[in-house]
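> got a predicted structure plus its sequence, pasted below:
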Amino acid sequence: MQNETVKLSRLVLELKPELYPFLKPVELNTTIVLRDGIDGLSREDADEIVRYSIIKHQDLQLLQ
């Protein structure tokens, strides 16, 4: 399967919709490249990607 580029918002809505209200717009707008596409992800994979996105945006805020 080919790489697939998606916004975090789509990933969350499809795999972890209960998290959507807790994420900031900047986090939801994050572009994610998925090696095996969104169909190859588990809910646990989605958890890990969401955690990484939150940490990434927190780090960026600290650097500003």
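Okay, I see it.
> for Ala46, helix, strand, or coil?
helix (DSSP: H, G, I helix; E, B strand; the rest coil).
> my guess is it meets Leu11, correct?
Yes - look at Ala46 against Leu11 with CB atoms under 8 Å: they come within range, at 5.8 Å. (C-beta placed from N, C-alpha, C; glycine too.)
> of those two, who's got more company?
Leu11 (22 against 19; other CB atoms under 10 Å).
> now do that one, the pLDDT please.
pLDDT for Leu11: 96.
> in the chain, which spans are strands?
For the chain, strands defined by DSSP state E occupy the ranges 4-7, 31-34.
> for the residue nearest the centre of the chain, give its distance to Asp39.
Central residue of the chain (CA atoms, centre = their mean): Leu8, 3.6 Å from the mean position. Distance, Leu8 to Asp39, using CB to CB, to the nearest Å: 17 Å.
> ok, Gly40 touching Ala46?
No - in this structure Gly40 lies outside contact range of Ala46 using CB under 8 Å: 11.3 Å.
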